[in-house]
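Asker: let's see this in three dimensions:
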Amino acid sequence: MHILFNFSQLKSGGGQNVAMNFLYAFDSVTKKDNNYTFLVANNSAPHKFLRRTGYHKYYTSPRNPILRIFFEIIVLSPLLVAKKIDVIYTYFGYSCVVGKVKQISGSADSNIYYPEINFWSHYSGVAALKKRLIDAYRIWGVKRADAVAFENTALLNRAVSYYGVRNSRYIPPSIVLAQTVSPFCLHSHVPRSAFKVLFLCGWQLNKNVMLIPEIAAASKKRMINVHFLLTAPPDGSEVHKQFCAKVFNRGVADLVTVIGQVEKSQLQSLYEQVDAVVLLSKLESFSNNIIEAWYFKKPLVIASEEWSRSICKEAAFYVPRDSADDIADALSALICHGDKVDKIIENGTLELRGYPTIEKKISAEIDYAEYVFKYC
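Answerer: Alright, predicted model coming up:
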């Protein structure tokens, strides 16, 4: 069987890390009786890796989404026939090709499975229209795919009920640590004695980062010795400016630090210096924050939502994501009740045992491709 792994939509951030984790472990788990070809975005980290390591069975596609679709229709479609590709496994999305090749779509766009939530409420006009058109394309791809792979059982169940997905499989994500460890130094003004709370995310409004100044103000009112760390880049963007203004207006500049983006090699050092991890996303397919908090034995405070409870079960503290007062109270409870923290950490360790190594995850994906080729 000949499998094409399509990584062309993974060009930056966490998605690109997923592709790189796959490529690092790929040689140790591939089945010799299969052939494997890759499609990667031009000049992406996966492209550079394949070129550097001398792996010749790959193609590059344009980074622009519209150009990529035209590339898939005009260039990739005949290549599938010429190279006798049997299955396309796309991370994450759908390959817009002409022909009868079997397709597996890895789906991680959680918002398309929650139509009752106005996920793009912060957008308007042309920007909102663009987001909804992209969502419509993603839904079309999920419906057309021969099979769909999920890393969240809540999304899988909704895909079946909302879109009639016939063939689906839950393949849990894996934790992959950096091969090298580098130190991360917190700013000198971060109090060592403070209970340090980590928001490991950028300026995505879905993460509810704009609530951090309110949580800090509520904590200050309660005289909680806490300090908030946010890994968003201090890039002068509009959201960054609004965040800083809110921090200043609420009088909590001494409680909040924007530490900027953190390299993967620095994550272990950063986690060792914090006391809790907070994730307030309205929707997620999965988040590395969860599995990393469990691995590094840090209590996880997470939004009380269907997606989060399906993943974390008893291994997190659940809070209403829009209530700064309730979140501040939860942080106070973490500081005062060590026995509850220990139990949450213990539950996280138990949950972690159910997640595969990257090698087992890749093997599960190859097994799924073989199943789809034979039976779907």
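
Asker: which residues touch Phe296?
Answerer: Going by C-beta atoms under 8 Å, 6 or more residues apart in numbering, Phe296 touches Gln268, Tyr271, Glu272. C-beta: built from backbone N, CA, C; applies to glycine.

Asker: let's see 7 Å
Answerer: By C-beta atoms under 7 Å, 6 or more residues apart in numbering, the residues touching Phe296 are Tyr271.

Asker: which pLDDT does the model give it?
Answerer: You'll see Phe296 listed with a pLDDT of 96.

Asker: quick one, phi/psi of it?
Answerer: Backbone torsions for Phe296, taken as degrees, to the nearest 10, come to phi -90, psi 10.

Asker: quick check: it vs Asn225, distance?
Answerer: Here the distance between Phe296 and Asn225 works out to 22 Å (C-beta to C-beta, to the nearest Å).

Asker: go on, Lys241?
Answerer: Lys241 is 29 Å from Asn225, where distance means C-beta to C-beta.

Asker: what's the weakest-modelled helix or strand in this protein?
Answerer: Least confident helix or strand, the chain: helix 13-26 with a mean of 86, by mean pLDDT, DSSP states H and E.

Asker: quick check: what element follows that helix along the chain?
Answerer: Sequence-wise, the next helix or strand downstream of helix 13-26 (DSSP states H and E) is strand 35-41.

Asker: quick one: strands adjacent to that following strand?
Answerer: strand 2-7 (parallel), strand 58-61 (parallel) (DSSP bridges).

Asker: which one of those lies closest to Asp325?
Answerer: Nearest to Asp325, of all the strands paired with strand 35-41, is strand 2-7, at 43.2 Å by C-beta to C-beta.

Asker: how far off helix 13-26 does the closest one point, in degrees?
Answerer: 150 degrees (axes from the mean of the first three to the mean of the last three C-alpha atoms, to 10 degrees).

Asker: what mean pLDDT would you report for strand 2-7?
Answerer: Averaging pLDDT along strand 2-7 gives 97.

Asker: equivalent analysis for stretch 267-287, please.
Answerer: 95.

Asker: and it, which residues are buried?
Answerer: Using 16 or more other C-beta atoms under 10 Å as the test for burial, stretch 267-287 gives 267-271, 274-287.

Asker: mind checking which of these are in helices?
Answerer: Those of the buried residues of stretch 267-287 mapping onto helices are Leu267, Gln268, Ser269, Leu270, Tyr271, per DSSP state H.

Asker: return the member of these nearest to Leu67.
Answerer: Leu267 (33.7 Å).

Asker: quick one, helices of this protein?
Answerer: So, for the chain - with DSSP H - the helices run 13-26, 45-53, 65-71, 77-82, 125-144, 153-163, 212-221, 238-249, 267-272, 288-295, 306-312, 324-336, 338-352, 358-375.

Asker: that's all I had, so thanks and see you.
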